[in-house]
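Undergrad: quick check, what structure comes out for this input:
(chains A and B)
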Amino acid sequence: MNDSDRSSIATQVIERLSAALPSTSKGKTITESSLLREELGLDSLGTVDLVIQVEDEFGISIETDDLTSIRTVGDLIQLLERLIEKKAKSSPGG
Amino acid sequence: MGLLCSLGREYPAVTAALRAGRSGIRAAPEWARLGLKASVCGPIDADLKRQGIERIAPNVLPAMSEAGLLCTLATLDALDDAGLDSQALNRVRSACIIGSGGVSTQTVYEGGQKLYGGNARKISPYSILRGMCSSASSSVVCGLRLRGRSYSMSSACATSAHAIGHAYELIHSGIVDVALAGGGDQVNEHGAAAFDALRMALSTRYNDRPEAASRPFDAGRDGFVLSGGAGVVVLESEGHMVRRHARSRARVAGFGANSAPDDLVLPDRSGEAGRHCIEQALDNAGLTAAQIDAINAHATGTVVGDVAEVNSLRGAFGSRVPPVASTKSMTGHAMGGAGAIETIFCVAMLENQCLLPSINVDSVDPEFANLPIVRRSEASDLKYVLNNSFGFGGTNAALILQRS
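TA: Take a look at the predicted model:
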């Protein structure tokens, strides 16, 4: 995965996240170090809802155990990068 | 008090509509396209469901069923009306007893579509919260940040009457100082299809004249008309009310509840169970039948149900049945919300010292010929009003409201 791919994933995640934020957090600056719950107001169900959206968008599946490790926007982006790379390696011709 | 019904959301405006005998029933052509025989209902105006939504915790909104949202909005209005807020409730012993007659069929349907369509992983994480039986009370307490005891009661179309009765008992027994009580249900094609399947529940002969479809006591009645809505009342102890220098709109004087297990949906024509329920409420209030000044009947407009209830009234009141009407003739049947909405209508009667009418009684059923059915709103000296709520599955509630 090159830097361009990584940047694209980060952009898409932040776009999804912006739309999913509760109204009280709308307009907040989102960076990779932003804490999903404490800073962006995303509760447990909001996080799962976001995960379902990115699973759909990137065609990957996030395991339940991995969910608990996602605390920041960067955590989610890194997890997606790993899963997308893994998917590319395992697919025929990948 | 707070309510959302097919006639609106503002108590004074809804009261005026009731006094004028206006109907909130509209055509639902989409139901006909789906093959349902009934295609009229009492919908809740979409704009009314948006007003005040910004006051609800935003992270809770996606977890709310439609009924949960209606109940939360009605609760906000009830708190405003009572001059209370979440912080005030959290400082005392409080309860939130708010429920629905049914679960969110929309949620079940959407989850089922994904499950059986091979998309189980895409089922919304909010499905459980929206679909659980206590969605109404959880929506209110999480949406408004309440910390007192909370749970939903569910007893079909008597749900919110039982909730008020239970809250009254909690206050009466000194367990809580203040309680939010009521309930609500949504109206949609899923519920309509389930009722339609009973073949004898919904009105089907007046699809081309929606406003004429809900006609309790009329010889031409052929079933009830579904409507959505929610009603919530704030009940508080005398002491709590005095301490905060509040004024009550009305008092709960008595509550009765029992069961009619003889048939799942068709009440016994004798009306014995309903009679005993009313007598329980009278006994609980320490009143005689002669002291009741008016009745808002459960009367939904089904052929057998109205007969059974009138026989209950004749059993409890003898030859001197007080003036009786069914406000469902105007609002339709709000199911789990009906008991609380109609309790609020009883309060409107007491506050305005007027009887509310039954509309569409064009040709009274000969079985009810000697019954004092109120056909036009009129002034009346009212101290005690009875509100009946009976539900499928043999569940009954009777509340007696007293003028303040």
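Undergrad: for the residue at minimal distance from the centre of chain A, give me phi and psi.
TA: Centroid check for chain A by CA atoms, centre = their mean gives residue A:76 as the closest residue, at 3.8 Å. Main-chain dihedrals, residue A:76, degrees, to the nearest 10: phi -70, psi -40.
Undergrad: contacting residues for residue 18?
TA: No chain specified, so I'll use chain A. By CB atoms under 8 Å, 6 or more residues apart in numbering or on different chains, the residues touching residue A:18 are A:26, A:30. For every residue, glycine as well, the C-beta is placed using N, CA and C.
Undergrad: um, chain B though
TA: B:7, B:327, B:330, B:345, B:348, B:356, B:357, B:377.
Undergrad: for it, what are phi and psi?
TA: According to degrees, to the nearest 10, residue B:18 has phi -60, psi -40.
Undergrad: and what of the one 5 residues further on?
TA: When read as degrees, to the nearest 10, the backbone of residue B:23 gives phi -100, psi 140.
Undergrad: where do the strands sit along the stretch 301-404 of chain B?
TA: For the stretch 301-404 of chain B, strands defined by DSSP state E, counting those that start in this stretch occupy the ranges B:324-325, B:354-355, B:378-379, B:384-391, B:395-403.
Undergrad: please apply the same query to chain B.
TA: Taking DSSP state E as the test, the strands found in chain B are B:2-4, B:26-27, B:40-41, B:94-99, B:149-151, B:178-185, B:229-236, B:250-259, B:294-296, B:324-325, B:354-355, B:378-379, B:384-391, B:395-403.
Undergrad: hey, which helix or strand in chain A has the poorest pLDDT?
TA: helix A:64-67 (a mean of 83; mean pLDDT, DSSP states H and E).
Undergrad: can it be found next to chain B?
TA: No. Against chain B, helix A:64-67 shows no contacts by CB under 8 Å from any CB of the partner chain, the least distance being 10.4 Å.
Undergrad: packing partners for that helix?
TA: helix A:44-58 (3 or more CB pairs under 8 Å, 6 or more residues apart in numbering or on different chains; DSSP states H and E).
Undergrad: who are the packing partners of the helix it packs on?
TA: helix A:3-20, helix A:64-67, helix A:73-90.
Undergrad: mind putting the ones you listed into CSV with distance to residue A:54?
TA: Below are the helices and strands packed on helix A:44-58 laid out as CSV (distance: least, CB to CB, whole Å):
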stretch, distance to residue A:54
helix A:3-20, 6
helix A:64-67, 12
helix A:73-90, 6
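Undergrad: quick check: phi and psi on the residue of chain B most remote from its centre?
TA: Relative to the C-alpha centroid of chain B, counting by CA atoms, centre = their mean, residue B:118 is the outermost residue, at 38.8 Å. With angles defined as degrees, to the nearest 10, residue B:118 sits at phi 80, psi 20.
Undergrad: tell me how far it lies from chain A.
TA: 14 Å (CB to the nearest CB, to the nearest Å).
Undergrad: check that residue and give its pLDDT.
TA: Note on residue B:118: pLDDT of 96.
Undergrad: neighbours around residue A:45, how many?
TA: Residue A:45 has 17 neighbouring residues, counting by other CB atoms under 10 Å in any protein chain shown.
Undergrad: and the closest residue in space to it that isn't next to it in sequence, how many neighbours?
TA: Distance criterion CB to CB, 6 or more residues apart in numbering or on different chains; nearest residue to residue A:45, sequence neighbours excluded, is residue B:125 at 4.9 Å. Burial of residue B:125 is recorded as 17 neighbouring residues (other CB under 10 Å).
Undergrad: quick one: low-confidence ranges for chain A?
TA: Counting by pLDDT under 70, chain A has low-confidence residues at A:92-94.
Undergrad: for the closest residue to residue B:227 other than its chain neighbours, give me its contacts.
TA: In this structure, residue B:227 finds its nearest non-sequential neighbour in residue B:42, 2.6 Å apart by CB to CB, 6+ apart. Listed by CB under 8 Å, 6+ apart, the contact partners of residue B:42 are B:5-6, B:24-26, B:187, B:214, B:225-229, B:331-334.
Undergrad: pick out the lowest-pLDDT one from these.
TA: Comparing the contacts of residue B:42 by pLDDT, residue B:228 comes last, at 92.
Undergrad: is it true that it touches residue B:106?
TA: No. Under the criterion of CB atoms under 8 Å, residue B:228 makes no contact with residue B:106, lying 11.9 Å away.
Undergrad: now list whatever residues contact both of those two.
TA: The contact sets of residue B:228 and residue B:106 overlap at B:66, B:186, B:188 (CB under 8 Å, 6+ apart).
Undergrad: residues in contact with the last one?
TA: Translated: residue B:188. Per CB under 8 Å, 6+ apart, neighbours of residue B:188: B:66, B:105, B:106, B:228.
Undergrad: can you tell me which residues contact the closest residue to the second one other than its chain neighbours?
TA: Take residue B:105 and drop its neighbours on the chain: the residue closest to it by CB to CB, 6+ apart is residue B:190, 3.6 Å away. Applying CB under 8 Å, 6+ apart, we find residue B:190 in contact with B:105, B:106, B:109.
Undergrad: swap the cut-off to 10 Å and go again
TA: B:102, B:104, B:105, B:106, B:108, B:109 (CB atoms under 10 Å, 6 or more residues apart in numbering or on different chains).
Undergrad: okay, now residue 64: neighbour count?
TA: In the absence of a named chain, this looks at chain A. Other residues close to residue A:64 by other CB under 10 Å number 7.
Undergrad: look at chain B instead
TA: With other CB under 10 Å as criterion, residue B:64 counts 25.
Undergrad: ok, it to chain A distance?
TA: Taken as CB to the nearest CB, the span from residue B:64 to chain A is 12 Å.
Undergrad: isn't that residue up against residue B:104?
TA: Yes. Taking CB atoms under 10 Å as the definition, residue B:64 is a contact partner of residue B:104 at 9.1 Å.
Undergrad: any common contacting residues for the two?
TA: Going by CB under 10 Å, 6+ apart, residues that sit against residue B:64 and also against residue B:104 are B:129, B:130, B:135, B:136.
Undergrad: which ones among the residues you listed lie within helices?
TA: B:129, B:130, B:135, B:136 (DSSP state H).
Undergrad: still on that earlier bit, neighbour count: residue B:228 and residue B:106, which is higher?
TA: Set side by side, residue B:228 and residue B:106 show unequal neighbour counts under other CB under 10 Å, the larger going to residue B:228 at 27 against 18.
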